[in-house]
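K.L.:
this one's sequence-less:
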């Protein structure tokens, strides 16, 4: 059995600062990390491998610039068996459609694949579109927002899917794409042995020459969407400030909250 | 309305045999776009067989036509049949725009469908408008944790597809005199094939779900321990709101993951967000800063959340919450007794 986990390297967003004057993101000094939500998919894959009755292999693949190698090494240190970096200047500027298209080509090259496990979304792009898009390119079923996952035999999987008003219990034929939420498992930390192995493992790198992707589907040129403009949100907050540090102030402040909400039609 | 331009479609969702609330929010968005384009607005509605009477509210809310793709097998969401049925109708009828809600259904079927149709899709838009010069759909969404907004265009591919956050628009006031067509389509059996089988459903114990709520009360580590949560729950109840939490609170096991608001949790955009005992980390702000109104209560006068709030209250939450909850209950009771003074939520 082969499980593939596509991952993305993202800026460590909690460290992102904005340049107040220009309204742009200060990228200097911001570390690149494995998309935190992808770690849950990696962990879920490793646990399925540990509980599998037969041989089971976890492969991690990432599309990105050469520096994404460090993200793949981190996942190797967690215990992935094999990693593939899909990297080519021609892939740069891809939107979610084009990214899914290239990853699908990588997945075809990794065939036969039984299960593709994705994080719910990346914390930088925040779209959650690549997982379902990948499923569509590969013509596979997709289960999204999965909080619990088990494999039955190797022909089907069972999943609990979080939806707005509860949890769906679903069964899907394999191969399938599954996107997981945090509840699925707590990601393990890399071990020392894992780190050593990660340093020694040779990275497989695939470029346009290795993958069957039409030239007009790659990168910015192959992306149906275009970013037209980037701007700072206008913060039209009223920023009224109250202090309630004694009993009298407390009474006045709570009265003001009630009036404030009532004036805005929020009661 | 004479129609020479391709229609604008919204993807309606159903709940308990009726169009769900998000469908009406989408109609409010879609009506503006269709009017700007002088195009028809259609509500496309995969689901079970519904009566004309059940579909009429979509017309009253602005649809010129309702296209129901109806079959008992579509009563529950399943990505393959939904995408296959929608793809067939899009190919046959060529809408120029298709928008859906960023719900668990919309966020799953739209990216699947966009690939099948080879077109672009923009997630989680907060604003949609028509470029008067080109007639293109301008899709604006928060990026990089809500620090910036990006406007995105799909210049060559059709339909232009986007999802919008639930509760980012008010449903339109229904006009029962509006008229519109109801077009019924029964999908061919091969479109209904699904490799996913539904085995059961466990309803959430929380009556109000976060993303559906008009009011969210978010709690942070300032609550100190799980035993203190009833204070916050009472406040949420007094506002008829749902309970949200920071990652800290969830990681400590005080509340379950479905409550988590922020970059690695849910993104909410309610009419009112009340932040209680949370400092306002970038990670949390990313999940709630598009809320229409933000009220923050924090004892640290330097807390970031107080800077992004409409009403910032520097106070100890253990002092404020019991008093505030009691006052809100009284105020709402008074409002309910004198409905003419308005302001109440529907």
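P.N.:
Received it, and whenever you're ready, just let me know what you need. Everything quoted here is computed from the prediction, not taken from an experiment. Numbers count the residues shown, from 1 in each chain, chains lettered A, B, ... in the order given.
K.L.:
hey, let's count contacts and neighbours off CA atoms from now on
P.N.:
Noted.
K.L.:
Quick one: the strands in the stretch 101-250 of chain B, in order.
P.N.:
For the stretch 101-250 of chain B, strands defined by DSSP state E, counting those that start in this stretch occupy the ranges B:121-125, B:127-130, B:137-143, B:148-153, B:160-164, B:181-185, B:196-203, B:215-219, B:242-245.
K.L.:
Could you list the low-confidence segments of the stretch 151-300 of chain B?
P.N.:
In the predicted model, the stretch 151-300 of chain B carries pLDDT under 70 at residues B:205-208.
K.L.:
how about 80 then?
P.N.:
For the stretch 151-300 of chain B, residues meeting the criterion pLDDT under 80 lie at B:167-170, B:204-209, B:211-212, B:263-264, B:282-283, B:286, B:290.
K.L.:
Quick check: residues of it near chain A?
P.N.:
By Cα under 8 Å from any Cα of the partner chain, the residues of the stretch 151-300 of chain B that approach chain A are B:151-157, B:194-205, B:209, B:211-212, B:239, B:257, B:263-264, B:271-272, B:281-283, B:293.
K.L.:
which of these count as buried?
P.N.:
Burial by neighbour count, 16 or more other Cα atoms under 10 Å in any protein chain shown: within these this picks out B:151-155, B:157, B:194-196, B:209, B:211-212, B:239, B:257, B:263-264, B:271-272, B:282-283, B:293.
K.L.:
what's in contact with stretch A:121-132?
P.N.:
Residues outside stretch A:121-132 that contact it (Cα atoms under 8 Å, 6 or more residues apart in numbering or on different chains): A:8, A:10-11, A:13, A:35-38, A:96-97, A:99-100, A:118-120, A:142, A:144, A:177-179, B:107-109, B:111-112, B:122-124, B:143-145, B:263-264.
K.L.:
avg pLDDT for it?
P.N.:
Averaging the model's pLDDT scores along stretch A:121-132 yields 91.
K.L.:
among the buried ones among the residues of the stretch 151-300 of chain B next to chain A, which are in helices?
P.N.:
In this view, these that belong to helices under DSSP state H are B:282, B:283.
K.L.:
Please confirm that residue B:92 is located within a helix.
P.N.:
Yes. Counting by DSSP: H, G, I helix; E, B strand; the rest coil, residue B:92 is located in a helix.
K.L.:
Give the burial count for it, as a bare number.
P.N.:
Here the count is done by other Cα atoms under 10 Å in any protein chain shown, and residue B:92 has 9 residues near it.
K.L.:
The stretch 51-200 of chain A against chain B: which residues are in contact?
P.N.:
Taking Cα under 8 Å from any Cα as the criterion, the neighbours of chain B within the stretch 51-200 of chain A are A:97, A:123-130, A:132-137, A:141-142, A:144-145, A:163-173, A:182-183.
K.L.:
Buried only: go through those residues for me.
P.N.:
Buried positions within these, assessed by neighbour count (16+ other Cα under 10 Å), are A:97, A:123-130, A:132-137, A:141-142, A:144-145, A:163-173, A:182.
K.L.:
Look up phi and psi at residue A:139.
P.N.:
Recorded main-chain torsions at residue A:139 are phi 50, psi 50, according to degrees, to the nearest 10.
K.L.:
distance of it from residue B:275?
P.N.:
43 Å (Cα to Cα, to the nearest Å).
K.L.:
contacting residues for the closest residue to residue B:124 other than its chain neighbours?
P.N.:
In space, residue B:124 comes closest to residue B:164 once its chain neighbours are excluded; the distance is 4.6 Å by Cα to Cα, 6 or more residues apart in numbering or on different chains. The contact partners of residue B:164, taken as Cα under 8 Å, 6+ apart, are B:99, B:100, B:101, B:102, B:123, B:124, B:125, B:126, B:127.
K.L.:
Run through chain A and note the low-pLDDT ranges.
P.N.:
Using pLDDT under 80, chain A drops low at A:13-30, A:153-154, A:232-236, A:238.
K.L.:
domains in it, as residue ranges please.
P.N.:
Structural domains of chain A, as assigned by automatic domain parsing, span the residue ranges A:2-217, A:237-267.
K.L.:
Out of these, indicate the one that is most buried.
P.N.:
Among the domains of chain A, the stretch with the highest mean neighbour count (mean count of other Cα atoms under 10 Å in any protein chain shown) is domain A:2-217, at a mean of 20.
K.L.:
those helices in the stretch 1-150 of chain B, which residues are they?
P.N.:
According to DSSP state H, counting those that start in this stretch, the stretch 1-150 of chain B carries its helices in the segments B:21-37, B:52-60, B:79-93, B:106-116.
K.L.:
got the ones you listed as CSV, with distance to residue B:334 and mean pLDDT columns?
P.N.:
Compiled in CSV, the helices of the stretch 1-150 of chain B are given as follows (distance: least, Cα to Cα, whole Å; pLDDT from 0 to 100):
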stretch, distance to residue B:334, mean pLDDT
helix B:21-37, 27, 96
helix B:52-60, 31, 97
helix B:79-93, 46, 98
helix B:106-116, 39, 98
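K.L.:
can you tell which of these is closest to residue A:203?
P.N.:
helix B:106-116 (29.8 Å; Cα to Cα).
K.L.:
what about that closest one, near chain A?
P.N.:
Yes. Applying Cα under 8 Å from any Cα, one finds that helix B:106-116 is in contact with chain A at B:107, B:108, B:109, B:111, B:112, B:113, B:114, B:115, B:116.
K.L.:
ok and that helix relative to strand B:160-164, angle-wise?
P.N.:
170 degrees (axes from the mean of the first three to the mean of the last three Cα atoms, to 10 degrees).
K.L.:
quick one: contacts of helix B:106-116?
P.N.:
Contacts with helix B:106-116, where a contact means Cα under 8 Å, 6+ apart, come from A:97, A:128-130, A:132-137, A:144, B:79, B:82-84, B:86-87, B:100-101, B:120-121, B:123, B:161, B:163.
K.L.:
repeat that with 7 Å
P.N.:
A:97, A:129, A:132-133, A:136-137, A:144, B:79, B:83, B:87, B:100, B:120-121, B:163 (Cα atoms under 7 Å, 6 or more residues apart in numbering or on different chains).
K.L.:
cool, stretch A:136-151 as well?
P.N.:
Here stretch A:136-151 makes contact (Cα under 7 Å, 6+ apart) with A:101, A:104, A:120, A:132, A:135, A:157-162, A:175-181, A:183-184, B:80, B:108, B:112, B:115-116, B:195-196.
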